[in-house]
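A.B. asks: output the structure for:
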Amino acid sequence: MSDSLMDRGTGKPRLLSEQCSTCVGRPGNLMHLRPGRLKSLIRDNTGQSMGLTCHQTLGYGASPEYGEALCRWFYDTYGHLTNGIRVMERIGGFTEVDPPSKED
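C.D. replies: As a prediction, the model looks like this:
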């Protein structure tokens, strides 16, 4: 598991408490993904993966100081298909954090 997903206070991976404002799982392709990109994100982040990191929490995004967190939509929709998420649920779960605000 990536150290960047870990919450320093709890030692657990961070998970958004709700979808971010431009989540890839929201209707309308708010991230302007090319055709097939969402399908490949799902495929690449299920199975042996830890899951999909929310794009708004990536270090090179709009809120680099916020810290990375797992995408809530991905967790709710595909988490049961993702080994890393299933393992973490069994050994302590996640620390839920609110999505970054536009001011962050």
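
A.B. asks: which of the helices or strands spans the residue of the chain most remote from its centre?
C.D. replies: Computed with CA atoms, centre = their mean, the residue of the chain farthest from its C-alpha average is residue 35, at 20.9 Å. Following DSSP states H and E, one finds residue 35 outside all helices and strands.

A.B. asks: likewise for residue 8?
C.D. replies: Here residue 8, judged by DSSP H and E, is contained in no helix and no strand.

A.B. asks: what distance do you get for it to residue 19?
C.D. replies: Between residue 8 and residue 19 the computed distance is 24 Å (CB to CB, to the nearest Å). Every C-beta, even on glycine, is put in place using the N, C-alpha and C of the backbone.

A.B. asks: and the two? Which one has more around it.
C.D. replies: Between residue 8 and residue 19, counted using other CB atoms under 10 Å, residue 19 has the larger neighbour count: 18 against 9.

A.B. asks: in terms of pLDDT, where does the more buried one sit?
C.D. replies: pLDDT for residue 19: 94.

A.B. asks: lowest average confidence, helix or strand, in the protein?
C.D. replies: The weakest-scoring helix or strand in the chain, judged by mean pLDDT, DSSP states H and E, is helix 37-44 (a mean of 88).

A.B. asks: ranges for the helices of the chain?
C.D. replies: Ranges of helices in the chain, per DSSP state H, are 37-44, 72-78, 83-90.

A.B. asks: now tabulate those in TSV and tack on mean neighbour count and distance to residue 31.
C.D. replies: Formatted as TSV, the helices of the chain follow (neighbours: other CB atoms under 10 Å; distance: least, CB to CB, whole Å):
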stretch	mean neighbour count	distance to residue 31
helix 37-44	13	9
helix 72-78	19	12
helix 83-90	15	22
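
A.B. asks: in TSV, list those helices along with distance to residue 54.
C.D. replies: Shown next, in TSV, are the helices of the chain (distance: least, CB to CB, whole Å):
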stretch	distance to residue 54
helix 37-44	12
helix 72-78	8
helix 83-90	14
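
A.B. asks: nearest to residue 24, of those?
C.D. replies: Closest to residue 24 of these, according to CB to CB: helix 37-44, at 5.8 Å.

A.B. asks: what's in contact with that closest one?
C.D. replies: By CB atoms under 8 Å, 6 or more residues apart in numbering, the surrounding residues in contact with helix 37-44 are 24, 33, 52, 74, 78.
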